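*Asks:* Curious how this folds, go ahead:
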Amino acid sequence: MVTDEIENTDVHTADGTPTQFFNLFMKYRSEVYPAKLVFISFLDNQHDQGQMYTEFLNANVPDVIQFKFNRQRPD
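*Replies:* Next up is the predicted model:
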C-alpha cells in the first residue's frame with residue numbers, strides 16, 4: 001500500500017455500503033486470506049505514524065509494517 005495518508009476516504013462496496021480501507025482489509029483478511037500489509041507512507045513529519053497505519057497499530061493487527069518518506073522530498 002503506497003499512501004500519502006490524506007486520501008483515505010469512504011469507498012462503497014458492491015452493495016453500496018460505505019467503508020474505509022481498514023475495515024475492508026480486515027474483512028478480506030478474515031474471509032479470504034490472512035494477508036500481510038506494508039505501508040509506504042509519505043508524511044509531513046518523520047515522527048508521525050499516519051492515520052491509516054495507526055488504526056492497525058491500535059487494533060494490534062500483526063504483520064503490518066511501515067516505511068516512511070518525506071512528502072516534500074519523495075525521492
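
*Asks:* Distance check, residue 56 against residue 10.
*Replies:* 18 Å (Cβ to Cβ, to the nearest Å). In short, each C-beta sits where N, CA and C put it, glycine included.

*Asks:* Please say which of these two ends up with more neighbours.
*Replies:* Using other Cβ atoms under 10 Å, the more surrounded residue of residue 56 and residue 10 is residue 56, with 21 against 10.

*Asks:* Over to the more buried one. Which of the three states is it?
*Replies:* Secondary structure, DSSP: H, G, I helix; E, B strand; the rest coil: residue 56 is helix.

*Asks:* How about the residue in the chain that sits furthest from its center?
*Replies:* Centroid-distance maximum for the chain: residue 15 at 22.4 Å, with Cα atoms, centre = their mean.

*Asks:* sec struct for it, please.
*Replies:* Following three-state DSSP, we place residue 15 in the coil state.

*Asks:* Next one: it from residue 24, what distance?
*Replies:* Look at residue 15 and residue 24: by Cβ to Cβ, they are 13 Å apart.

*Asks:* can you count the residues close to residue 53?
*Replies:* By other Cβ under 10 Å, 22 other residues sit near residue 53.

*Asks:* One more: the one 4 residues further on?
*Replies:* Look at residue 57: counted by other Cβ under 10 Å, it has 12 neighbours.

*Asks:* swap in residue 12?
*Replies:* Neighbour tally, residue 12, other Cβ under 10 Å: 9.

*Asks:* partners of it in the sheet?
*Replies:* residue 18 (DSSP bridges).

*Asks:* I'd say it and residue 20 touch.
*Replies:* No: Residue 12 lies out of contact with residue 20 (Cβ atoms under 8 Å); the separation is 11.1 Å.

*Asks:* Surely residue 29 is within a helix?
*Replies:* Yes: Residue 29: assigned to a helix according to three-state DSSP.

*Asks:* Count residues in the vicinity of the nearest residue to it once chain neighbours are set aside, would you?
*Replies:* Spatial nearest neighbour of residue 29, chain neighbours left out: residue 35 (5.7 Å); criterion: Cβ to Cβ, 6 or more residues apart in numbering. Using other Cβ under 10 Å, residue 35 has 10 other residues around it.
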